[in-house]
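> Dropping a prediction and its sequence here:
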Amino acid sequence: MSNFEIGRYFEDFKEGEVIEHATSKTIFESDNNLFSLLTMNHHPVHTNIDYAAKQQHGKILVVGPLVFSVAVGITVPDISGKAIANLMYENIDHVAPVFINDTIYVKTKVLECRESKSKNNRGIVYVESIALNQHKEVIIKFRRKVLIKKRNA
């Protein structure tokens, strides 16, 4: 039996490469409710159908940090599966609303790859991920730097 492999080594990333992640996720009402409860975000636009119906979008909005978390999670098998650490996130832009039963797809562009200055068994990969819904509308985008081990480390 072989070991389960997840992620890429530093050497496997190429600047300019665009990765279309195979995993996707439909956001169900239960996902939104549980995440809202776990994170103490009880704003009624996320949890109250009657309240949300009277607001700008007319229906429940999925809580933003859940959308971000799902988008990051979708990238793990291809981006950070072999990570030592996520060093930083930046420019988290919520571009469009996400609603119950929307499906999230993600693609990631490798912006930069550089060797670690302090340790030669790892490198830093800088990426931008863009999440889209089932209508191919951009819903969120963000950048991050990931510290990733080298193949023969």
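Cool, got the structure.

> The protein: strands as residue ranges?
Using DSSP state E, the strands of the chain run over residues 18-20, 25-26, 83-94, 103-115, 122-132, 138-149.

> Redo those as TSV? Include distance to residue 47, mean pLDDT and mean neighbour count.
C-beta here means a position set from N, CA and C on the backbone, and glycine is covered the same way. Below are these laid out as TSV (distance: least, C-beta to C-beta, whole Å; pLDDT from 0 to 100; neighbours: other C-beta atoms under 10 Å):
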stretch	distance to residue 47	mean pLDDT	mean neighbour count
strand 18-20	33	98	13
strand 25-26	19	98	14
strand 83-94	18	97	13
strand 103-115	20	98	17
strand 122-132	22	98	21
strand 138-149	20	98	20
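
> quick one: which of the ones you listed is nearest residue 76?
For residue 76, the closest of the strands of the chain is strand 83-94, at 8.5 Å, according to C-beta to C-beta.

> ok, back up a step: could the strands of the chain go into TSV alongside distance to residue 8?
Putting those into TSV (distance: least, C-beta to C-beta, whole Å) gives the following:
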stretch	distance to residue 8
strand 18-20	9
strand 25-26	21
strand 83-94	10
strand 103-115	10
strand 122-132	9
strand 138-149	7
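
> who wins for proximity to residue 51 among those?
Using C-beta to C-beta, the nearest of the strands of the chain to residue 51 is strand 83-94, at 20.0 Å.

> If anything else comes up later, I'll come back, but that's it for now.
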